[in-house]
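Student: Have a look at this fold, sequence not included:
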């Protein structure tokens, strides 16, 4: 599909460039010459806007996101899963971070035992009943767009989450985190995709929380879980639990 801004810009620039010398030399009209030059300037401005316009409109992206979320929610509801998802770094999921929704809560320490297979249904313990559903989250795809992989200190994690949420996706205004060994509290100001009480959100969190959890688990190289997500006056407070290996 051709970009309307680019077509408008080309038309204005060409039309103004052709009419400007005619207005100045033949018609001898300074006002018409000024209008022609203004059309050229507007034309170049419009072409610049065409480069800034996203390839996919925000409305289209919203439809795609909601479709994927509703399909995943239907699967979880059909299976009766309501446990909190565990976000895993890429080194446990064949190079791509994902979230595993356990069929039964508990035995999370088994997730530290090497890599999991790349299937939808994964087993991560000797007990055949210990399994979960592995799904790709919004953060799994955004992680590749970071200029550098964040380290495990709070400043780098905060900078990475800020880059994705405020710069890349423009779905928040600011990010602030407080971190200790077991828990990370992330405060997102101006979040445009807030928490909703749906099956998908109860298991995987909102898209904002999901992205934050994915970046955090990849930076720490440890599984994390969203334990709480609250919203107040367009500020989201996301609490992540860092899971540790039981020796």
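Tutor: Structure received. The shown structure was predicted, so the numbers you read here are calculated from the model rather than taken from an experiment. Numbering: from 1, shown residues only.
Student: Domains in this structure, by residue range?
Tutor: The chain resolves into domains spanning 4-52, 58-91+137-242 when parsed by automatic domain parsing.
Student: which regions of the chain sit below the pLDDT cut-off?
Tutor: Judged by pLDDT under 70, the chain has its weakly predicted residues at 1-3, 49-65, 94-95, 106-115, 117-118, 125-129, 194, 245-247.
Student: same thing but 90
Tutor: Within the chain, the stretches with pLDDT under 90 are 1-85, 88-152, 163-173, 179-182, 190-207, 221-223, 230-236, 243-247.
Student: before we move on, back to that, could you dump the domains of the chain into TSV with mean neighbour count and distance to residue 101 added?
Tutor: Backbone N, C-alpha and C define where each C-beta goes, glycine included. Supplementary listing: those in TSV, determined by neighbours: other CB atoms under 10 Å; distance: least, CB to CB, whole Å:
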stretch	mean neighbour count	distance to residue 101
domain 4-52	15	38
domain 58-91+137-242	18	5
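Student: mind putting those domains in JSON lines, distance to residue 102 included?
Tutor: Formatted as JSON lines, the domains of the chain follow (distance: least, CB to CB, whole Å):
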{"stretch": "domain 4-52", "distance to residue 102": "43"}
{"stretch": "domain 58-91+137-242", "distance to residue 102": "5"}
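Student: For the protein, which segments are assigned as helices?
Tutor: 4-21, 30-52, 58-79, 138-142, 154-162, 199-204, 207-220 (DSSP state H).
Student: Go through those and name the closest to residue 182.
Tutor: Nearest of these to residue 182, taken as CB to CB: helix 207-220 at 11.6 Å.
Student: Just want the angle from the closest one to helix 154-162.
Tutor: Counting by axes from the mean of the first three to the mean of the last three CA atoms, to 10 degrees, helix 207-220 lies at 140 degrees to helix 154-162.
Student: right, and residue 17 touches residue 40 too?
Tutor: Yes. Counting by CB atoms under 8 Å, residue 17 touches residue 40, with 5.6 Å between them.
Student: between these two, what contacts are shared?
Tutor: Overlap of the contact sets of residue 17 and residue 40 (by CB atoms under 8 Å, 6 or more residues apart in numbering) is empty.
Student: beta partners for residue 176?
Tutor: Here residue 176 sits in beta bridges with residue 187, going by DSSP bridges.
Student: isn't it right next to residue 186, touching?
Tutor: Yes. Using CB under 8 Å as the test, residue 176 is close enough to residue 186 to be in contact (7.5 Å).
Student: Quickly note the distance from residue 74 to residue 204.
Tutor: Relative to residue 204, residue 74 is positioned 13 Å away (CB to CB, to the nearest Å).
Student: ugh, wrong one, I meant residue 119
Tutor: Separation of residue 119 from residue 204 (CB to CB): 18 Å.
Student: Indicate which one of the helices of the chain is closest to residue 236.
Tutor: So among these, helix 207-220 is nearest, using CB to CB, at 5.9 Å.
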